[in-house]
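In: coords please:
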Amino acid sequence: MRDILTTQNLINFLTSLADGDLNIATEVVWLIIAAALSMVGGAIGGMLLAGKDIGYQFSAMLGALFAPAGVIPAILLGLATLNLLTNY
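Out: Residues are numbered from 1 along each chain as shown. Below you'll find the predicted structure:
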């Protein structure tokens, strides 16, 4: 495990991720992070909005499923815009 964390490829990837360099690998990682956070936020929002009416578990599941539908296109558009703006 120690060898995996000290490889030069992983160190370079984490450095580019922290520096804000946009390439295909960092964009995929940011997209996965954004989708996971939107699922958590959607579950919390679903529980707050409809928890008493349809049940907390069902509303959390619906919120977690429908939240990335609005977030993922916005993240892709934002990453594409940032990628274009870094060229100028």
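In: going by C-alpha atoms from here, please, whenever you check contacts or count neighbours.
Out: Noted.
In: and the residue nearest to G45 when sequence neighbours are not counted, which of the three is it?
Out: When the adjacent residues along the chain are set aside, G45 lies closest to G63, with 6.6 Å between them (Cα to Cα, 6 or more residues apart in numbering). Reducing the assignment to helix, strand or coil with DSSP: H, G, I helix; E, B strand; the rest coil, the entry for G63 is helix.
In: ok, G63 to I11 distance?
Out: 36 Å (Cα to Cα, to the nearest Å).
In: the residue nearest to G45 contacts L48, correct?
Out: No - the pair G63 and L48 does not pass the contact test of Cα atoms under 8 Å, sitting 10.0 Å apart.
In: what's the weakest-modelled helix or strand in this structure?
Out: Sorting the helices and strands of the chain by mean pLDDT, DSSP states H and E puts helix 2-5 at the bottom, at a mean of 72.
In: now what about the very next helix or strand once past it, what contacts it?
Out: Next in sequence after helix 2-5, counting helices and strands by DSSP states H and E, comes helix 8-19. Outside helix 8-19, the residues within contact range by Cα atoms under 8 Å, 6 or more residues apart in numbering are 4-5, 22, 26.
In: cool, thanks, signing off.
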